[in-house]
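Asker: dropping the sequence and predicted coords here.
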Amino acid sequence: MIISRAENGSSLILSLEGRLDTNAAPELEKAIFDSLDGINELTLDLEKLDYISSSGLRVLLLAEKEMEKRDGMRLINVCEPIMDIFEVTGFVEILTID
Amino acid sequence: MALTAIPLTGRIDSNNAQAAEAFIRASIGENADAELTLDAAGLEYISSAGLRVLLRLKKEHPALSVINVSSEIYEILDMTGFTELLTVEKAYRTISIEGCEQIGRGANGAVYRMDDDNVVKVYNDPEALDDIKSEREKAKLALVLGLPTAISYEVVKVGESYGSVFELLNARSFSSILANQPDKFGWCAAEFTSLLKKIHSVVVPEGKLPRIKDTALLWAEQTKPLLPAEEGEKLVELIHSLPDDPHMIHGDYHTKNIMLQNDEVLLIDMDTLSVGDPIFELAQIFNSFIGFHELYPEGIKAFQGFDIETGKRFFGEFMKEYLDTECETKLNEVVDKARIIGYSRLISRLVRHKELDSERGRAESAHWLSELAELLRGAKTLKFSPNELIIPAERRCLPEVLLFIDERIGKMAPSDKARMQLAVAAEEIFVNISDYAYAPGHGTAKVVIFADCENKTVTVSFEDEGAPFDPLKKEDPDVGLPLSERTPGGLGIFLTKKLTDEVGYEFRDGKNILTFLKKL
């Protein structure tokens, strides 16, 4: 998975590309939690993400819980197959998805 | 007791048939029960009166044969049905192959181009007439069973040996194409593979062709005394326990024996046709491109016209296409099985040719024996299935597992969503096995896939040999809880259940087996 970042003051955008599977999840977890100093808003751009499994969901839940204490996290450009996974797991109710 | 052949000369018709018969009877003399052979080298014509003489002789000498029959006389005998009644051997035209280009080479001989339209396969063994007949029978059988091959139309004398002549226009071997047109590499590999798959799909009527397993058991018996006792036993046992398989095996399938004639791909060497498990064929193909040349790689250039690197690359590409996978673990599994038979064959060849004591033979046998012993220690069976993957139960192997599954459903053209859901379902199970079935790095998982193209479903099962554990028993998480009450994790098996149409678990023969079915 490729993670690219764009920071603007207290807001951070991480763009994810490829597959967020068991082997990529720790990488994303580290990328998010190592970058949160001074960040209030986190945006995850999933336009180029085409796969997510339960390990990825775990990282999203951890990030959501952390960002809830700040100004929040939102997901943008979610493709249909991944949206489906969010629906099955109830993540559509707990994540902010644009 | 056989008599010297009695010569027939000139014309035999109603004018002299009686005299000819008297001459033959006088030559037989007292040896009334002997096998009778008539030499027709000098015979120019035979009428029905002459044929009646042959019939009378046949009654008294059931083993009557006529040899050195010219094409003209043969035609008469053939038209009148006498070729069915008597043993008739044609006279052989003598040709020379001096200055002819060698275009192919098989187990029993070499193929030369005679002119633009014709090639001749010259047999190594001077007593090759039986081999020639047997190859012609095999080629006929292959043609009838739907394989593209050339059938010889004439047998000729070549020096002290025999050859069979084929029509082969404008043809080049795949070896020559590979050596001279590197841009055709992919095309050659694809055609080479698809023709082999066609051969391997042919079911041969019982008894029509020899079983290659019997030959492989001879190789194994010859190799066995040179191996450590345990490995020697295992080699024989592994080959012995391969089930009988009625599918056709070419037996000498390499790029010199595949020709491109105009736009048609043709097989030219049919004397090693047999039936058996395809692993025997893969073993021989491994030997042709790699095994045989492992210690002396310059040999392949002299034989095939291309270098060892091209040979290795071609074999690698062939295996990927034959097994329809890019999965390294799968490819290595099958190649290792092929190498076991391949090395055994190479070692037994050194034994038969009494080359074990030459400098080269010593070096090669030491190398092949050590590779073989090592492979045998890790081997459980020589059988392989394109739909099974045995892989270390470790997270690092996940991409290979998912690739393998995805490749097997490729031809069903599933949607992106279905592909992802199938992969997620499989990932959750494989990761579960990797994390919990064994101590880290201490076990394997087996993935078995059945893609049902007709009903558009795929069934995947995962087996491990860890302690009995039914992951389906775990209670499903409550996905309706608010964020504050949700805890990370616990979604894996739940996803597998949700993303598939049926899922089941059983513990059988010491194995955890988890199977799911998904409609695509």
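Answerer: Sure, I can see it.
Asker: for chain A, which residue is closest to the average position?
Answerer: The centre of chain A sits closest to residue A:44, judged by Cα atoms, centre = their mean, with a distance of 4.6 Å.
Asker: grab the nearest non-local neighbour of that residue.
Answerer: residue A:75 (5.0 Å; Cβ to Cβ, 6 or more residues apart in numbering or on different chains). The C-beta positions use only the backbone N, C-alpha and C, and glycine is treated the same way.
Asker: any idea how far residue A:6 is from the one you found?
Answerer: Distance, residue A:75 to residue A:6, using Cβ to Cβ, to the nearest Å: 15 Å.
Asker: so what's residue A:17 up against?
Answerer: Contact analysis of residue A:17 by Cβ atoms under 8 Å, 6 or more residues apart in numbering or on different chains lists A:1, A:2, A:3, A:4, A:48, A:49.
Asker: about what we covered before: and the residue nearest to the centre of chain A, helix, strand or coil?
Answerer: strand (DSSP: H, G, I helix; E, B strand; the rest coil).
Asker: the one helix or strand residue A:31 maps to: which residues count as buried?
Answerer: Assigned by DSSP states H and E, residue A:31 belongs to helix A:25-33. Buried residues in helix A:25-33, defined by neighbour count with 16 or more other Cβ atoms under 10 Å in any protein chain shown: A:25, A:28, A:29, A:31, A:32.
Asker: how far off centre is it?
Answerer: How far helix A:25-33 lies from its chain's middle: 10 Å, per Cα atoms, centre = their mean, to the nearest Å.
Asker: show residues contacting it.
Answerer: So helix A:25-33 is in contact with A:1, A:3, A:5, A:14, A:16, A:20, A:42, A:55-56, A:58-59, A:62-63, A:66, going by Cβ under 8 Å, 6+ apart.
Asker: with stretch B:207-226 instead?
Answerer: Contacts of stretch B:207-226 (Cβ under 8 Å, 6+ apart): B:138, B:141, B:232-233, B:235-236, B:239-240, B:242, B:244, B:248-249, B:251, B:273-277, B:280, B:341, B:343-345, B:347-348, B:351-352, B:365, B:369, B:372.
Asker: buried only: go through those for me.
Answerer: Looks like these have B:138, B:141, B:232, B:235-236, B:239, B:242, B:248-249, B:251, B:273-277, B:280, B:341, B:343-345, B:347-348, B:351, B:365, B:369, B:372 buried, using 16+ other Cβ under 10 Å.
Asker: in helices, which of the residues you listed appear?
Answerer: B:138, B:141, B:232, B:235-236, B:239, B:280, B:341, B:343-345, B:347-348, B:351, B:365, B:369, B:372 (DSSP state H).
Asker: hang on, the earlier thing: including neighbour count, could the contacts of helix A:25-33 go into a markdown table?
Answerer: Converted to a markdown table, the contacts of helix A:25-33 look like this (neighbours: other Cβ atoms under 10 Å in any protein chain shown):
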| residue | neighbour count |
| --- | --- |
| A:1 | 18 |
| A:3 | 18 |
| A:5 | 11 |
| A:14 | 19 |
| A:16 | 24 |
| A:20 | 25 |
| A:42 | 22 |
| A:55 | 24 |
| A:56 | 25 |
| A:58 | 19 |
| A:59 | 23 |
| A:62 | 15 |
| A:63 | 20 |
| A:66 | 15 |
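Asker: mind naming the longest helix for chain A?
Answerer: helix A:54-68.
Asker: quick check: the residue nearest to the centre of chain A touching residue A:77?
Answerer: No: in this structure residue A:44 lies outside contact range of residue A:77 using Cβ atoms under 8 Å: 9.2 Å.
Asker: so who does residue B:20 touch?
Answerer: Shown in contact with residue B:20 (Cβ under 8 Å, 6+ apart): B:8, B:12, B:50, B:53.
Asker: rerun that using 10 Å as the cut-off
Answerer: By Cβ atoms under 10 Å, 6 or more residues apart in numbering or on different chains, the contact list for residue B:20 reads B:8, B:9, B:10, B:11, B:12, B:13, B:43, B:46, B:49, B:50, B:53.
Asker: quick check, the residue in chain B closest to chain A?
Answerer: residue B:479 (3.2 Å; Cβ to the nearest Cβ).
Asker: thought that residue was touching residue A:90?
Answerer: Yes: under the criterion of Cβ atoms under 10 Å, residue B:479 makes contact with residue A:90 at 3.2 Å.
Asker: what sits against residue B:456?
Answerer: Counting by Cβ under 10 Å, 6+ apart, residue B:456 touches B:409, B:412, B:413, B:414, B:418, B:518, B:519, B:520.
Asker: now restrict these to buried residues only.
Answerer: B:409, B:414, B:418, B:518, B:520.
Asker: beta partners for the residue nearest to residue A:44?
Answerer: Beta-bridge pairing for residue A:75 (DSSP bridges): residue A:44, residue A:97.
Asker: got the confidence number for it?
Answerer: According to the prediction, residue A:75 has pLDDT 97.
Asker: what is the neighbour count of it?
Answerer: The number of residues packed near residue A:75 is 22, by other Cβ atoms under 10 Å in any protein chain shown.
Asker: same deal with the one 4 residues further on?
Answerer: Using other Cβ under 10 Å, the number of residues around residue A:79 comes to 17.
Asker: phi first, then psi, for the closest residue to it other than its chain neighbours.
Answerer: Of all residues not flanking residue A:79 in the chain, residue A:50 sits nearest, at 6.6 Å (Cβ to Cβ, 6+ apart). Main-chain torsions, residue A:50, degrees, to the nearest 10: phi -120, psi 10.
Asker: about what we covered before: reformat the contacts of residue B:456 as CSV; add pLDDT.
Answerer: As requested, the contacts of residue B:456 are exported to CSV (pLDDT from 0 to 100):
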residue, pLDDT
B:409, 94
B:412, 90
B:413, 88
B:414, 93
B:418, 95
B:518, 97
B:519, 95
B:520, 91
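Asker: also near chain A: which of the residues you listed, exactly?
Answerer: residue B:418 (Cβ under 10 Å from any Cβ of the partner chain).
Asker: thinking again about what came up before, among the buried ones among the contacts of residue B:456, which are located in helices?
Answerer: B:409, B:418.
Asker: flag the shaky bits of the stretch 251-400 of chain B, pLDDT-wise.
Answerer: Judged by pLDDT under 70, the stretch 251-400 of chain B has no weakly predicted residues.
Asker: need the residues of it near chain A, please.
Answerer: Residues of the stretch 251-400 of chain B lying near chain A (Cβ under 10 Å from any Cβ): B:395, B:396, B:398, B:399.
Asker: neighbours around residue B:450, how many?
Answerer: Neighbour count of residue B:450, defined by other Cβ under 10 Å: 13.
Asker: where does it fall, phi/psi-wise?
Answerer: According to degrees, to the nearest 10, residue B:450 has phi -130, psi 110.
Asker: residue B:23 versus that one, what's the distance?
Answerer: Residue B:450 is 75 Å from residue B:23, by Cβ to Cβ.
Asker: how about residue B:279?
Answerer: For residue B:279 relative to residue B:23 (Cβ to Cβ), the value is 61 Å.
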